[in-house]
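Novice: Pasting the sequence and the predicted model now:
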Amino acid sequence: MLKIKLTRVGKKNQPAYRIVVNERRDKRDGKYLEQVGFYNPITKEVRFDDNLYQAWIEKGAQPTLTVANLYKKFSGENQKKSAK
């Protein structure tokens, strides 16, 4: 089963995460199929490639709870920006 999950990158005490599509049982920081976004918890920056994310969802990939919450936040911010 494919999952859309976080993989850690960055220095010690300076975490950053890639949002990737990966097999459910694969290692957290191992190889992945495709990167669909980025999350920096220090600066609260969230970026998604919306088209890639939706394409993987349609193919049956399931986001983890954390990724689903980040995507809701990302899509909410984009709606606010487009309303201005």
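Specialist: Great, that's in hand. Predicted model only: the values in this text are computed from it and were never measured.
Novice: Determine the number of other residues adjacent to F48.
Specialist: Neighbourhood size, F48 [other Cβ atoms under 10 Å]: 21. Just so you know, the C-beta spots here come from the backbone N, C-alpha and C atoms, and that holds for glycine as well.
Novice: which residues does it form a beta bridge with?
Specialist: Counting by DSSP bridges, F48 is bridged to G37.
Novice: do the same with Q62
Specialist: Taking DSSP bridges as the rule, Q62 bridges to K3.
Novice: Residue numbering should commence at 331 henceforth.
Specialist: In the new count, where the first residue is 331, that last one comes out as Q392.
Novice: Buried residues, the helix or strand harbouring N408. List them.
Specialist: Per DSSP states H and E, N408 falls inside helix 395-413. Neighbour counts using 16 or more other Cβ atoms under 10 Å place 397, 400-401, 404 of helix 395-413 among the buried residues.
Novice: outside of stretch 396-411, which residues touch it?
Specialist: Residues from elsewhere that reach stretch 396-411, judged by Cβ atoms under 8 Å, 6 or more residues apart in numbering: 334-336, 349, 367, 369, 376-378, 380, 383, 393.
Novice: And the residue nearest to D359 when sequence neighbours are not counted, how far from G406?
Specialist: Nearest non-adjacent residue to D359, counting by Cβ to Cβ, 6 or more residues apart in numbering: T337, 5.3 Å away. According to Cβ to Cβ, to the nearest Å, T337 stands 24 Å off from G406.
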